[in-house]
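*Asks:* coords please:
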Amino acid sequence: MLYLVCYKSALMSNCDPIAFPTFPNFPKGFKLSNLIVSKPRKLSRTVADVPVAAGIIEMIQQPVERRNGGGGIEAAASDETAPIASHRSRGASSMFRSFGSLFGENSNNVGSMGIHSPTNAAEHGYVEFGMQDPDRSGRTLGTFAGVFSPVALSMFSALIFIRVGFIVGNAGLYVTLLQFVIAYLILLFTVASVCAISTNGAVEGGGVYFMISRTLGLEFGGSIGTLFFLANVVGCAMAISGCTEGMMVNFGPGGYFTKGDNGLLPDGTWCRFLFSTIINTSMLVVCLIGAALFAKTSVLILGTVTICLLATYISFLAEGEKVIDRPKENEIFNATTKLNYTGLKTETLMENLYPHYVRDYTSDGKMVDFATTFGVLFAGVTGIMAGANMSGELKSPSRSIPTGTLSAVAFTFVSYILLSFLMAFTTPAVTMQNNYLFLMPVNFWPPFTAIGILTATFSTGLSNLIGSSRILEALSKDQVFGSLLNFVLRGTWKGNPVAAVFTSWLLVECILLIGSLNAIAQVNSVLFMLSYLATNLACLGIELTGAPNFRPLFKYFTWHTCLIGLLGTLIMMFVINPIYASSSIILCLILVIALHLFSPASQGTQWGSISQALMFHQVRKYLLMLDSRKDHVKFWRPQMLLLVSSPRSCCPLVDFVNDMKKGGLYVIGHVKVGDYTAVVDPTIEDNKYWLSFLDHMKVKAFAEVTLAQSIREGVQHLIRLSGIGAMKPNTIILGFYDSEVPKDFFEAGTSPYKTDGFNHGEIQNFPIRRDGEEKQIDVAEYVAIMCDVLRMKKNLCLCRHFHRLDKNFIAKSKHLRYIDVWPINVFNPNSNNPFDVVSLFMMQLAVIINMLAKWKHLRLRVFLCESNNAQTNVSSFDTQMPQMDIFARMKLEQSLKNLRIEADIIEIQEWSSESDFTTHSRILKQFTSHADEDNEVITEENLNRSKLYMQRANQIIRERSDQTAVSFIYLAAPPQIAAPDFNERSARYIELLTELTAELPPTILVHGVNTVTSTTL
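*Replies:* Got it, this is the predicted structure:
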């Protein structure tokens, strides 16, 4: 009651409205003292008038219960909404049962507090299941009627009275026990996985499909669910075939209860199909009436089967030696030889210990082997999912499924082992091999066996039929196959999926045409085993991920049990029938791919996929193993951080950098300028738009958005914090600082990036700077960012004119033929080594671009602009100078050869020595980080001469760029921030770069700081 007292005192005080919602609907005279737990009737009447208060009481009572160990108050459908809480008394449950539905209607105020509710959850694309009142949502079945009875009957099926003798007679007692142990171990481990998943959250209709789809995701869940639906259909057909076989043996020509060869029922292929159809139709009627009748029927049938089974055990102990007739359909066995029943004899047991495989008289004389007997055995005990299939009708699936399933497994296992021992002790192998219904004459009252056969097979078929219809209904609700299954939803009447039942019935009719029970059994076993394999895989995966929210109530499982169940299921699938196993796996994979590509639900489902959890687990593990101290230049790759102002204006650049990353890290960063004073971080809302932008661009990149008081500060945040572990950006890319008006590629008519997805009426995401608007950053801050990048030991690229880039045109054009590299520092052209770190980094980037399919047809050109003139050691422009030194060309050719780079070397004749250029070179250096310490005053005349020099350099580059797709140009380091006139130098530095790159094709100015090439192995 501490929460209620606090809440009452809060209402009486002047509280913050954010902390507590207002309640305008309190009735006159209402007092919080009325909500005392000791007055449940008063509480229920009061809360009926105060729905919001009811919601609050339901929200706050759960922590109280956890503290007190689970007494007192209980929320609606506690086993569904809070499956990890302990079970509570039903008296308190009825008091608050109606509260859960109030969240759907009156959750606005609660939602404003940030408390979880279905409404809030739906806004995030995920709806919690099991929030409804069990009684009012059609959940009426308990553990015994809803789980134990259908599971036990499904595991008895046709096997208990018809095929156990077939297995013991052919495989022998030892092998039979081994097969039962193998089968039940697989089942037990699978049941453990089912129990773990089913007790980790609310389970809705669809059983195993629901659990797998909500764990492995839509693709695997939909494919396995489809095959499990088919498995139930085949299982139903198998049970009906067994029921028909029992009818023919008892009432057909030569039947046990008939005299003469005529019989009460005619026999034949089409006669059996007719009787199977009648049985199938009677099951259809029961399913159409509803799950309640099915539950009542299953309990009644289970009692009947149990009595018949006890009568069989008593008969083995009480009956003596007998002679048993050969079935009329058995044409393999010698007609003159009688089949004997010896009663309890040690000699009979010794003869039945080892295998005696013979031909199967029901399958055209096909030879029986281990795979055949195990296939029949496993097909008979595959009913462990019968209870899970009824999850939509269970009051408490998270409690009923584990308890009922495990109890039924133990019950049937003991029953089968006891029956196998008694058969081996009393019945010769020849009798069991040649009369599969020898239990009839052995029984002290033969109708017991007949009743047991008919009821067990009928109930199994009924369970499979209703299970398959529920799976089909779940598939249609999830829109796994789109509009293809909409008729199932439209064909639902009073919660009963009538259309799904009819569809399942029709498919069962098709399977019945196969006829032979043993032939159907192998198909049935393989399909069920595949669904069990997927269930074990789902539990194994979620256990290995270590997800904090995987806290099942069922604790008796580990990843070892899941793995053993998975491997055992996989191996036995191929033991039973390799062709069926391979075909089912291939079909499953085809369904996975098809659903991933074409299912409309794959784009909108927010169930959570285990693939994301597994990828997170593996990525984290390998990121920890990726050690930056072990980096080697041989395996260097660019890891890009592209800083953008608005995605609207930089689409071609984003696309180009995606090509240049060469499988490395690619981060697109953006800085929002402002103060963090809001209640909610403004970048949170932006993240989803940036992710949508990446999807629109189809680039393999991450988006990072930060909030800072200045762009420079935000860029520092991004450079330091982008990436994780050893995967951090080593190359920072900026757009060029110029006065051009940005182009909106989202709205341009001919733009390949055009979209309206980021326009919401008058509001545009990613606003762009329009003509006349002021920039958010000035020249000094821009150059300071460049300095920060280099001081952080990151490579730097400035990109200009990329609004002109058209990759589709480049791929088709025959005019654009080259990628150009200009490895000369125009600001300091007298360097002795033209192949420094910057030049090699430029060539590396150019080679990476040239590797891609859309760029591969372009030829790489390297321009040789330096002269190794020992006398002057300077360079200038002179069109009359002789051919440049041959040694410089030879040195460049050797460097390209060592680096395995194929490129054309183009000599620039205009670049040659001039004796008076030393002074000019010293002036250009003053605008870079290599400025002299004497801080020489830059006159207007020197500045103009520098501009003319840059214009001349630009002319040389432009004249050779007519057929160039993209150019890489050497970028001199910017002036140092510590310079006293940094602002002035920065402005001049950008002016000179503007002159250098004017009217060029898309250009990248590059400055590298790290060695990125290697000439050794």
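
*Asks:* could you use CA atoms for every contact and neighbour count after this?
*Replies:* Will do.

*Asks:* now for Lys856, how many residues are close by?
*Replies:* 14 (other CA atoms under 10 Å).

*Asks:* ditto for Ser483
*Replies:* Counted with other CA under 10 Å, residues neighbouring Ser483 total 12.

*Asks:* okay, it and Arg490: tell me how far apart.
*Replies:* Distance of Ser483 to Arg490, given as CA to CA, to the nearest Å: 11 Å.

*Asks:* what sits in contact with each of these two?
*Replies:* Counting by CA atoms under 8 Å, 6 or more residues apart in numbering, no residue touches both Ser483 and Arg490.

*Asks:* quick one, domains of the protein?
*Replies:* 155-602, 633-735+738-776, 797-869+884-1016 (the TED database).

*Asks:* what about the first one, distance to the chain center?
*Replies:* When you say that, I think you mean domain 155-602. 31 Å (CA atoms, centre = their mean, to the nearest Å).

*Asks:* determine how far the last residue of it lies from the first.
*Replies:* End to end - CA to CA - domain 155-602 spans 35 Å.

*Asks:* and if you look at stretch 550-563?
*Replies:* Chord length of stretch 550-563, first to last residue, is 18 Å (CA to CA).

*Asks:* can you pull out the strands in the stretch 501-650 of the chain?
*Replies:* For the stretch 501-650 of the chain, strands defined by DSSP state E, counting those that start in this stretch occupy the ranges 640-643.

*Asks:* swap in the stretch 201-350 of the chain?
*Replies:* Using DSSP E, counting those that start in this stretch, strands in the stretch 201-350 of the chain cover 322-324, 339-341.

*Asks:* check what pLDDT the nearest residue to Glu319 once chain neighbours are set aside gets.
*Replies:* Of all residues not flanking Glu319 in the chain, Gly343 sits nearest, at 6.4 Å (CA to CA, 6 or more residues apart in numbering). pLDDT recorded at Gly343 is 91.

*Asks:* and Gly343, how many neighbours?
*Replies:* 23.

*Asks:* ok, it touching Met423?
*Replies:* No. The pair Gly343 / Met423 is not scored as a contact, 9.1 Å apart, by CA atoms under 8 Å.

*Asks:* one step back: out of the domains of the chain, which is the most enclosed?
*Replies:* With neighbours taken as mean count of other CA atoms under 10 Å, the domains of the chain reach their highest mean count in domain 155-602, at a mean of 21.

*Asks:* and Asn443, its phi and psi?
*Replies:* Main-chain dihedrals, Asn443, degrees, to the nearest 10: phi -70, psi 140.

*Asks:* does it touch Leu309 like I think?
*Replies:* No. Asn443 lies out of contact with Leu309 (CA under 8 Å); the separation is 10.1 Å.

*Asks:* now list whatever residues contact both of these two.
*Replies:* Thr449.

*Asks:* residues touching the residue nearest to Lys634 when sequence neighbours are not counted, list them.
*Replies:* Nearest non-adjacent residue to Lys634, counting by CA to CA, 6+ apart: Ser1014, 5.7 Å away. Contacts for Ser1014 (CA under 8 Å, 6+ apart) come out as 633-634, 899.

*Asks:* from Pro600, how far off is the most centrally placed residue in the chain?
*Replies:* Central residue of the chain (CA atoms, centre = their mean): Ser609, 3.2 Å from the mean position. Separation of Ser609 from Pro600 (CA to CA): 16 Å.

*Asks:* now do Ile520
*Replies:* For Ile520 relative to Pro600 (CA to CA), the value is 34 Å.

*Asks:* next: Glu319.
*Replies:* Taking CA to CA, one finds Glu319 at 63 Å from Pro600.

*Asks:* just Tyr818 next, same as before
*Replies:* Taking CA to CA as the criterion, Tyr818 is separated from Pro600 by 44 Å.

*Asks:* before we move on, what about Ala581?
*Replies:* To Pro600, Ala581 is 29 Å away according to CA to CA.

*Asks:* over to Leu840?
*Replies:* To Pro600, Leu840 is 49 Å away according to CA to CA.

*Asks:* pretty sure Thr755 sits in a helix.
*Replies:* No. Thr755 is assigned coil when assessed by DSSP: H, G, I helix; E, B strand; the rest coil, not a helix.

*Asks:* what sits closest to it if chain neighbours are left out?
*Replies:* Once flanking residues are discounted, Thr755 sits nearest to Phe746: 5.2 Å by CA to CA, 6+ apart.

*Asks:* so who does that neighbour touch?
*Replies:* Taking CA under 8 Å, 6+ apart as the test, what Phe746 contacts is 648, 753-756.
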